[in-house]
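> This is a predicted model, with the sequence first.
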Amino acid sequence: MRVLTHPRGLPRPRPVATGADPMSRYVAPLGFTLAAVWVAVLFVLANGGH
């Protein structure tokens, strides 16, 4: 059985202009928020406040 590949080599499901911009706009603050929460949790656990 032969597997057909995309003519360009790397298939892109959506154009970058419409698909990636809104996602990256929300993912970046979410990542910073999760990092801040994780640091706060580690700080509380390190101080034995749980």
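Cool, got the structure. Residues are numbered from 1 along each chain as shown.
> list the buried ones in stretch 37-50?
Of the residues in stretch 37-50, none count as buried by neighbour count, 16 or more other C-beta atoms under 10 Å. C-betas here are computed from N, CA, C, even on glycine.
> can you offset everything so residue one is 456?
Happy to do that; since the first residue is 456 now, the last one works out to stretch 492-505.
> ok, and what's touching that stretch?
By C-beta atoms under 8 Å, 6 or more residues apart in numbering, no surrounding residue is in contact with stretch 492-505.
> State the number of residues packed around A483.
10 (other C-beta atoms under 10 Å).
> what about it, distance to V492?
Applying C-beta to C-beta, to the nearest Å, the value for A483 to V492 is 15 Å.
> now do L500
For L500, the distance to V492 - C-beta to C-beta - is 13 Å.
> tell me the mean pLDDT for the host helix or strand of P484?
Take DSSP states H and E as the rule and P484 turns out to sit in helix 471-501. The pLDDT scores in helix 471-501 average 81.
> what about G503, which SS state?
Secondary structure, DSSP: H, G, I helix; E, B strand; the rest coil: G503 is coil.
> No further queries at this time; thank you.
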